[in-house]
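need a 3D model of the following:
(one chain, ligands or ions: 2)
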Amino acid sequence: MRTEVPPTVRADTAPQPLLAGEKSATEMFLVKLFAVIPALALAAAVPLAWGWGLGWVDIGLAVFFYTLTCLGVTVGFHRHFTHGAFKATRALRIALAVTGSMAMQGPVIGWVADHRRHHAYADREGDPHSPWLFGTSARSLAKGFWHAHMGWMFQRDMTNPARFAPDLVADTDIRRVDRWFPALTAVTLLAPALAGGLLTWSWWGALTGFFWAGLVRVAVLHHVTWSVNSICHMIGDRPFTARDRSANFWPLAILSMGESWHNSHHADPTCARHGVRRGQIDVSARLIWLFGKLGWATGIHWPQPERLARRLKATTR
Ligand SMILES: [Zn+2]
Ligand SMILES: [Zn+2]
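Numbers count the residues shown, from 1 in each chain. Ligands and ions are numbered 1, 2, ... in the order given. Predicted structure coming up:
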């Protein structure tokens with residue numbers, strides 16, 4: 001089902017249209033190809049290859065590239081570019097845009113535009129990936145889960161970057177990294193192959209490096225990121241008042257590097273730390289803290305106790 005934004009929604013503050021044309025047939029094909037192939041590879045390969053064709057070098061490389069590209073998305077695409085949770089030096093901005101692009105979740109400007117639209121319309125008409133757009137029956141929720149997790153990417157509508165990400169469109173560095181996306185996709189798949197080949201000095205090592213630290217790593221990160229859009233708008237705790245159905249889902253805190261504290265994030269989107277309560281691990285926030293110590297990140301929006309207290313629901317205080 002297509003979801004149209006009623007003309008009354010934010011019409012007064014919306015000089016730019018919500019959408020900017022449609023993706024071409026080739027773009028649609030590539031989105032499907034890159035979403036489906038890594039997932040199929042993962043499902044088929046893990047039981048088959050355990051103890052055969054999977055070694056410590058592959059695991060080490062997979063963990064390294066997972067961490068690098070996941071933080072590129074969480075610290076870079078999400079907390080810095082989308083929400084401006086901190087300011088970064090030019091070199092750090094470019095590095096974050098590059099490593100985030102290597103997660104194969106689309107070029108930076110489109111990613112940011114989609115995510116800002118998600119916050120502007122969270123769980124209402126206009127949200128590109130809310131699980132709540134179809135109703136609350138079991139059937140509608142199953143459909144909503146699929147839509148929020150992956151289905152939304154297969155729709156042709158493109159969020160209008162001129163309306164939702166004019167700051168990035170105006171930035172020459174970021175426009176350049178945005179254009180590099182196809183090349184960075186090649187790099188993110190071939191670098192693990194190269195490293196695996198060199199570390200084991202074998203073609204076999206290159207192949208298994210490509211497979212585990214390339215395809216499988218991309219697939220796992222895809223599903224973790226998509227789970228923040230699907231699971232974290234359906235299941236979990238909601239200690240903070242937010243205008244939407246966002247929830248904190250603790251089992252994904254480590255793999256998502258802090259992004260599954262999603263209710264806290266929607267309650268205070270520009271905050272650099274999402275795991276704001278005691279014991280809530282947030283690796284991305286730690287890295288931002290380190291960037292601050294190094295002088296690469298400034299103006300970091302840390303949680304403010306008074307602000308948090310105001311948004312905490314009375315029942316969870
Ligand atoms: Zn959300
Ligand atoms: Zn966000």
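
which stretches of the protein aren't confidently modelled?
Residue ranges of the chain with pLDDT under 70: 1-15, 27-28, 30-36, 39, 50-51, 314-317.

residue nearest the centroid of it?
T225 (4.8 Å; C-alpha atoms, centre = their mean).

for that residue, list the residues it contacts.
By C-beta atoms under 8 Å, 6 or more residues apart in numbering, the residues touching T225 are 73, 103, 105, 256, 259. Every C-beta, even on glycine, is put in place using the N, C-alpha and C of the backbone.

can you rerun that using 7 Å?
73, 105 (C-beta atoms under 7 Å, 6 or more residues apart in numbering).

can you name the helix or strand that it falls in?
T225 belongs to helix 217-229 when assigned by DSSP states H and E.

quick check: what element follows that helix along the chain?
helix 262-267.

and that following helix, C-alpha only, in CSV?
What follows is helix 262-267, C-alpha atoms only, in CSV (Å, rounded to 0.1, in the frame of the first residue of the first chain):
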residue,chain,number,x,y,z
HIS,A,262,15.5,4.0,20.4
ASN,A,263,12.8,5.4,22.7
SER,A,264,15.4,7.6,24.4
HIS,A,265,16.6,8.7,21.0
HIS,A,266,13.2,9.7,19.8
ALA,A,267,12.6,11.6,23.1
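
the chain: helices as residue ranges?
Secondary structure of the chain (DSSP state H): helices at 25-49, 56-71, 90-101, 108-120, 138-149, 161-164, 166-169, 172-179, 181-200, 203-209, 217-229, 262-267, 283-293, 305-311.

just the CA atoms of the fifth one, as CSV, please.
Below are the C-alpha coordinates for helix 138-149, written out as CSV (Å, rounded to 0.1, in the frame of the first residue of the first chain):
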residue,chain,number,x,y,z
ALA,A,138,-2.0,-9.5,13.6
ARG,A,139,-2.0,-9.5,9.8
SER,A,140,-1.5,-5.7,9.5
LEU,A,141,1.3,-5.9,12.1
ALA,A,142,3.1,-8.7,10.1
LYS,A,143,2.7,-6.5,7.0
GLY,A,144,4.0,-3.5,9.0
PHE,A,145,7.0,-5.4,10.3
TRP,A,146,8.0,-6.4,6.8
HIS,A,147,7.4,-2.9,5.5
ALA,A,148,9.5,-1.3,8.3
HIS,A,149,12.3,-3.8,8.1
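
buried stuff in that helix?
Under the neighbour-count criterion of 16 or more other C-beta atoms under 10 Å, helix 138-149 has 143-145, 147-149 buried.

which one of these sits closest to R79?
A148 (20.8 Å; C-beta to C-beta).

and the closest one, what does it touch?
So A148 contacts 129-131, 229-230, 233 (C-beta under 7 Å, 6+ apart).

with neighbour count and distance to A195 added, can I get these in CSV?
Below are the contacts of A148 laid out as CSV (neighbours: other C-beta atoms under 10 Å; distance: C-beta to C-beta, whole Å):
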residue, neighbour count, distance to A195
H129, 25, 33
S130, 25, 39
P131, 26, 38
N229, 24, 31
S230, 22, 32
H233, 27, 36
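
what is the most widely separated pair among those residues?
S130 and S230 (9.6 Å).

would you list the buried residues of helix 138-149 in TSV and tack on distance to G209?
Formatted as TSV, these follow (distance: C-beta to C-beta, whole Å):
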residue	distance to G209
K143	38
G144	38
F145	33
H147	34
A148	33
H149	28
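
tell me the contacts of the nearest residue to H265 once chain neighbours are set aside?
The spatially closest residue to H265, leaving aside those adjacent along the chain, is H274, at 4.5 Å (C-beta to C-beta, 6 or more residues apart in numbering). For H274, the contact set (C-beta under 7 Å, 6+ apart) comprises 258-259, 261, 264-265, 282, 285.
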